[in-house]
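S.K.: Sequence first, predicted coordinates after that:
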Amino acid sequence: MTPPSTSATLAADVVRWQRAQGRHGLPWQGTRNPYRVWLSEIMLQQTQVSTVLDYYPRFLARFPDVQSLAAASQDEVLGLWAGLGYYSRARHLHRCAQAVVADHGGVFPATAAQLQTLPGIGRSTAAAIAAFCHGERAAILDGNVKRVLGRALAFGEDLAVPRHERALWSLAQDLLPPAEDMPAYTQGLMDLGATVCVRRSPRCGLCPLAARCVALAQGQPEAYPVIQRKLRRGQRQNTLLWISQGERVWVVPRADTGIWAGLWSWPEYEDEAQARQDCAGWPGQWTALPAFTHVLTHLDWTLTPLHLALPPGAEAAAWPADRWPQGRWLAPAQWADWGLPAPLRRLLGLA
DNA sequence: GATCCGTGGGA
DNA sequence: TTCCCAAGGAT
């Protein structure tokens, strides 16, 4: 458990490299504010830095601290998250903020073990927050670290097997530097994985670990890490009923589980016939729009928008209001701030 | 342990 | 085009 004190360890190489060559200007760096670090870690889960750069400042401007976030409505949180994907992150983020306020006096707990008990914070995220904010010697194991350490150690076991992933996690824990170096080390592993030790064509000539990298010595850095994913993407088709009246669009809340849980969308049907049948007798102009495929991690989802333009007037507007009491009309000025999934934002011309 | 959960980008 | 994956976690 005692960290090595020499200056010739793998961790020391990473720390030196990070201070000289790593990334230092990202919006969530240069702070030990747990709220800001936590927010960035959640947004960055399975999401590239370039994407988060668009969302992080806006979210922080609206919710500058954990109290303001805890006091917000879930709809407003999801409105700021819309387009980022993996919306359970936003729902857990909101619940986590409320738990921090209600159970911890508005102060994030300081240890990784305590952080990991909060909604949406798993082992790696908890370690990152504790390392960045408090120098705790806790190991992260994200995609970057799997690649950097997987190659440096030539770890050949299949990381899709939880037992093997735990083994690499244990090795990662053994490699940690002294506490004062933990922020730079944790950031350095991420920076290395993102800019040097990349998935294909790694830039080993620039890597501070090249001299000790076993995979490079074997002449096959790209052979690691081994992750045998057996996910087969399924297929699904639906018709989305796009109802408009003038400039307004009718939206309904989605279920609190499944795809786009907690967001708003258009009424969803098995096919066009069922949509038309459900709205038999309604006034207005029907238009069938071209289908498109929305690709999710585990699903190719073919969506066919079916447009119904209702005539003006309160009488026509009452049809959807009567059919979906939980729904509501959205004016164009509201679209950008509403919790609408990416394909709908695109169809509405917000992309 | 296996599955579910978004979106955009790179090769 | 197709595949992979990007600061994973919950169920």
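M.R.: That came in fine, so what should we check first?
S.K.: only C-alpha atoms for contact and neighbour calcs from this point on.
M.R.: Will do.
S.K.: I'd like to know which residues of the stretch 101-250 of chain A are adjacent to DNA strand C.
M.R.: A:118-126, A:142-144, A:147, A:187, A:190-191, A:193-194, A:198-199, A:227, A:229 (CA under 7 Å from any atom of the strand).
S.K.: Now restrict those to buried residues only.
M.R.: Applying a neighbour-count criterion of 16 or more other CA atoms under 10 Å, the buried members of those are A:118-121, A:123-126, A:142, A:144, A:147, A:187, A:190-191, A:193-194, A:198-199.
S.K.: So which of those residues sit within helices?
M.R.: Of the positions in these, A:R123, A:S124, A:T125, A:A126, A:N144, A:R147, A:Q187, A:M190, A:D191, A:G193, A:A194 sit in helices, assigned by DSSP state H.
S.K.: and which of these is nearest to A:W266?
M.R.: Taking CA to CA as the measure, A:W266 lies nearest A:T125 of these, at 34.0 Å.
S.K.: which SSE is the nearest residue to the closest one once chain neighbours are set aside in?
M.R.: Take A:T125 and drop its neighbours on the chain: the residue closest to it by CA to CA, 6 or more residues apart in numbering is A:E41, 6.3 Å away. A:E41 is part of helix A:34-43, with elements assigned from DSSP states H and E.
S.K.: So that helix, near DNA strand B or not?
M.R.: No. In terms of CA under 7 Å from any atom of the strand, no part of helix A:34-43 sits within range of DNA strand B; the closest distance is 8.2 Å.
S.K.: go on, stretch A:67-86?
M.R.: Yes. Between stretch A:67-86 and DNA strand B, judged by CA under 7 Å from any atom of the strand, the touching residues are A:A82, A:G83, A:L84, A:G85, A:Y86.
S.K.: Next, the contact list for the third one, please.
M.R.: To tie it back to what came earlier, the one meant is A:L84. With contacts taken as CA atoms under 8 Å, 6 or more residues apart in numbering, A:L84 has the following neighbours: A:M43, A:T51, A:V52, A:Y55.
S.K.: Kindly report the same for the first one.
M.R.: Under the criterion of CA under 8 Å, 6+ apart, the contact list for A:A82 reads A:W338, A:G339, A:L340, A:P341, A:A342.
S.K.: domain ranges for chain A?
M.R.: Structurally, chain A divides into domains by the TED database as follows: A:6-223, A:234-348.
S.K.: Could you dump those into JSON lines and include mean pLDDT?
M.R.: Compiled in JSON lines, the domains of chain A are given as follows (pLDDT from 0 to 100):
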{"stretch": "domain A:6-223", "mean pLDDT": "97"}
{"stretch": "domain A:234-348", "mean pLDDT": "97"}
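S.K.: How about the residues of the stretch 151-300 of chain A by DNA strand B?
M.R.: Applying CA under 7 Å from any atom of the strand, we find that the stretch 151-300 of chain A lies next to DNA strand B at A:161-163, A:200, A:230-231, A:257-261, A:294-298.
S.K.: can we see that at 10 Å?
M.R.: Near DNA strand B, the residues belonging to the stretch 151-300 of chain A are A:160-164, A:166, A:198-201, A:229-234, A:256-263, A:294-300 when assessed by CA under 10 Å from any atom of the strand.
S.K.: Mind naming the longest helix for chain A?
M.R.: Counting by DSSP H, the longest helix found in chain A is helix A:88-104.
S.K.: contacts for that one?
M.R.: Against helix A:88-104 from outside (CA under 8 Å, 6+ apart): A:39, A:42-43, A:66-67, A:69-71, A:74, A:77-78, A:81, A:106-108, A:118-120, A:261-262.
S.K.: for the spatially most central residue of chain A, helix, strand, or coil?
M.R.: The residue lying closest to the centre of chain A (CA atoms, centre = their mean) is A:Q45, at 4.3 Å. Judged by DSSP: H, G, I helix; E, B strand; the rest coil, the three-state class of A:Q45 is coil.
S.K.: Over to it: give its phi and psi.
M.R.: Reported as degrees, to the nearest 10, the phi and psi values for A:Q45 are phi -60, psi 120.
S.K.: A:G150 and A:A217, how far apart?
M.R.: Distance, A:G150 to A:A217, by CA to CA, to the nearest Å: 13 Å.
S.K.: between the two, who's got more neighbours?
M.R.: Shown here are A:G150 and A:A217; by other CA atoms under 10 Å, A:G150 has more neighbours (24 against 14).
S.K.: so which strand or helix has that one?
M.R.: The secondary structure element spanning A:G150 is helix A:143-152 (assigned by DSSP H and E).
S.K.: Name the nearest residue to A:Y185, sequence neighbours excluded.
M.R.: Excluding its sequence neighbours, the residue lying closest to A:Y185 (CA to CA, 6+ apart) is A:V15, at 4.9 Å.
S.K.: So that neighbour sits against A:D181, correct?
M.R.: Yes. The pair A:V15 / A:D181 is scored as a contact, 6.8 Å apart, by CA atoms under 8 Å.
S.K.: more crowded one of these two?
M.R.: With other CA under 10 Å as the criterion, A:V15 and A:D181 differ in neighbour count, and A:V15 comes out ahead with 24 against 20.
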